[in-house]
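Participant: sequence and predicted structure below; questions after.
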Amino acid sequence: MDSKDFKSGSYIQQQGFKSFYPEQINHEWIISDPKLTKLLTEASRSIGKLDMFSEYIPNIDLFISMHVTKEATQSSKIEGTKTNIEEALLNEKNIDPEKKDDWEEVQNYINALNMATSQLEKLPFSNKLIKDIHKSLLKGVRGENKMPGEFRRSQNWIGGATLKDAVFVPPPHTEVIDLMSDLEKFLNNDKLDVPELIRIAIAHYYFETIHPFLDGNGRIGRLIIILYLIDKKIIKKPILYLSDFFDKHRTIYYDNLMAVRNKNDLNQWLRFFLSGIIETSEKSISTFNKILNLKAKTDEQILKLGSKAKKAKILLDELYKKPIIEAFNVSETLGVSNPTAYSYIKEFKDLGILVERTGFQRNQIFVFQKYLDLFL
């Protein structure tokens with residue numbers, strides 16, 4: 001099927017509302033639109049450049065945790081969670097009780113993503129993995145009573161207070177298993193000659209249209225993108241996330257998804273998605289360049305600490321993973337006493353690497369601000 005001739009599905013009258021039945025997607029696809037083909041070439045080049053660039057970064061795993069944390073906060077933000085990246089990096093005891101629910105949801109997202117990337121090393125991309133991610137995402141937080149790890153067995157809807165005034169009503173729960181099976185087959189069908197970026201763009205639209213869970217569909221749908229790219233070795237590390245792009249263009253994002261359903265305009269969605277790949281890849285490369293420049297400067301500063309330089313390097317590496325710390329974190333990381341930990345903190349403050357955030361005499365929090373700023 002040519003993407004320009006795509007028929008998305010149809011609305012079926014139910015009792016007082018209409019639900020959408022999407023056409024299945026596990027079949028051959030043709031991209032004949034020249035503008036779309038050009039965008040695909042540019043997007044493939046951009047993401048390839050990012051992947052190649054990441055291979056030459058020493059100890060890239062040090063910096064991935066911050067990319068994961070940013071993705072967790074941005075993807076959760078789209079769903080209304082208000083935790084920012086700085087709060088996400090704080091220890092639980094420092095979280096305002098009124099913000100704890102949001103903080104826990106972001107931590108669950110981080111855990112779910114880390115769990116899923118680990119599982120992909122042993123298992124193929126599948127509906128089982130998607131369910132496992134969902135279970136991890138909703139563990140012990142709002143939504144824990146909405147069938148974590150299971151496809152829905154009742155009707156859900158998007159927007160509006162009830163089914164009758166909903167912005168969009170996904171297919172009935174009786175169709176979910178068949179539709180998700182079609183999605184799984186499509187993502188793993190090696191017989192289809194479909195470019196991987198086109199395939200995951202179509203799959204994201206399809207997943208959001210099926211809305212297979214009672215809660216957490218948006219976050220799961222965005223997680224699927226990065227996991228698929230890793231699974232197909234388009235990128236080797238979890239370093240590209242579209243949530244920031246989707247949030248920046250949130251209205252256009254939702255409008256384009258609805259335009260596929262209501263106007264069969266799949267190509268506009270594909271153009272938007274590929275534009276996101278290009279912009280995000282270029283932004284990620286820019287961020288990594290800034291990280292490398294900062295790392296070169298801080299490594300040089302650490303050498304000035306003489307006999308303390310070896311342990312200071314260990315602490316600096318830890319700060320690249322989590323740039324907000326307390327004295328006990330330093331003590332645990334270096335295996336030193338609390339007074340010794342404070343001596344290292346003082347050295348880092350004198351070098352301008354750490355700044356104290358609270359202004360308190362006790363329970364102080366220290367921030368690697370120059371590094372954190374690269375993700376704000």
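Facilitator: Okay, I see it. Residues are numbered from 1 along each chain as shown.
Participant: quick check: Val176 is in a strand.
Facilitator: No - according to DSSP: H, G, I helix; E, B strand; the rest coil, the state of Val176 is helix, so it is not within a strand.
Participant: figure out how far the host helix or strand of Lys128 is from the centre of its chain.
Facilitator: Under the criterion of DSSP states H and E, Lys128 resides in helix 127-137. Remark: helix 127-137 is offset 15 Å from the chain centroid, using C-alpha atoms, centre = their mean, to the nearest Å.
Participant: ok but Leu113 is inside a strand, no?
Facilitator: No - counting by three-state DSSP, Leu113 is not found in a strand; it is helix.
Participant: center of the chain - which residue?
Facilitator: Glu71 (4.1 Å; C-alpha atoms, centre = their mean).
Participant: ok, and what's touching the helix holding Lys128?
Facilitator: 108-109, 111-113, 115-116, 119-120, 123, 148-151, 180-181, 183-184, 213, 216, 219-220, 223-224, 227 (C-beta atoms under 8 Å, 6 or more residues apart in numbering). Backbone N, C-alpha and C define where each C-beta goes, glycine included.
Participant: same deal with stretch 241-255?
Facilitator: Stretch 241-255 has contacts (C-beta under 8 Å, 6+ apart) with 67, 70-71, 74-75, 77-78, 222, 225-226, 272-273, 276-277, 279-280, 283.
Participant: now those residues: which count as buried?
Facilitator: Using 16 or more other C-beta atoms under 10 Å as the burial test, these include 67, 70-71, 74-75, 77-78, 222, 225-226, 272-273, 276-277, 279-280 as buried.
Participant: count the residues that sit near Leu374.
Facilitator: For Leu374, the number of neighbouring residues by other C-beta atoms under 10 Å comes to 18.
Participant: that one - nearest residue in space that isn't next to it in sequence?
Facilitator: Lys290 (5.2 Å; C-beta to C-beta, 6 or more residues apart in numbering).
Participant: so the one you found sits right up against Leu372, yeah?
Facilitator: No - if you go by C-beta atoms under 8 Å, Lys290 and Leu372 don't touch, sitting 12.0 Å apart.
Participant: higher neighbour count, these two?
Facilitator: Leu372 (17 against 14).
Participant: ok, back up a step: quick one: buried residues of the helix holding Lys128?
Facilitator: Buried, per 16+ other C-beta under 10 Å, within helix 127-137: Leu129, Ile130, Lys131, Asp132, Ile133, His134, Lys135, Ser136, Leu137.
Participant: what's Ile158 sitting at in phi/psi?
Facilitator: Main-chain torsions, Ile158, degrees, to the nearest 10: phi -120, psi 130.
Participant: where do the strands sit along the stretch 51-200 of the chain?
Facilitator: Here the stretch 51-200 of the chain has no strands by DSSP state E, counting those that start in this stretch.
Participant: can you list the weak-confidence ranges in the stretch 201-350 of the chain?
Facilitator: Scanning the stretch 201-350 of the chain for pLDDT under 70 picks out no residues.
Participant: please apply the same query to the stretch 51-200 of the chain.
Facilitator: In the stretch 51-200 of the chain (pLDDT under 70), no residue qualifies.
Participant: all helices for it, in order.
Facilitator: Remark: helices assigned in the stretch 51-200 of the chain by DSSP state H, counting those that start in this stretch are 61-78, 85-88, 100-119, 127-137, 173-188, 196-210.
Participant: including distance to Gly306, could these go into TSV?
Facilitator: Output for those, formatted as TSV (distance: least, C-beta to C-beta, whole Å):
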stretch	distance to Gly306
helix 61-78	24
helix 85-88	32
helix 100-119	37
helix 127-137	45
helix 173-188	54
helix 196-210	50
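Participant: for Ser331, which of the ones you listed is the nearest?
Facilitator: Evaluated over those, closeness to Ser331 peaks at helix 61-78, with 20.4 Å, by C-beta to C-beta.
Participant: by contact count, what packs against the closest one?
Facilitator: On a contact count with 3 or more C-beta pairs under 8 Å, 6 or more residues apart in numbering; DSSP states H and E, helix 61-78 meets helix 85-88, helix 100-119, helix 217-231, helix 243-248, helix 266-302, helix 309-321.
Participant: switch the cut-off to 10 Å
Facilitator: helix 85-88, helix 100-119, helix 217-231, helix 243-248, helix 250-263, helix 266-302, helix 309-321, helix 369-372 (3 or more C-beta pairs under 10 Å, 6 or more residues apart in numbering; DSSP states H and E).
Participant: out of these, deepest packed?
Facilitator: Greatest average neighbour count among these goes to helix 217-231 (a mean of 23), per mean count of other C-beta atoms under 10 Å.
Participant: measure how it sits relative to helix 266-302, angle-wise.
Facilitator: Angle, helix 217-231 to helix 266-302, by axes from the mean of the first three to the mean of the last three C-alpha atoms, to 10 degrees: 70 degrees.
Participant: distance between helix 217-231 and the chain's centre?
Facilitator: So, by C-alpha atoms, centre = their mean, the centroid of helix 217-231 is 7 Å from its chain's centroid.
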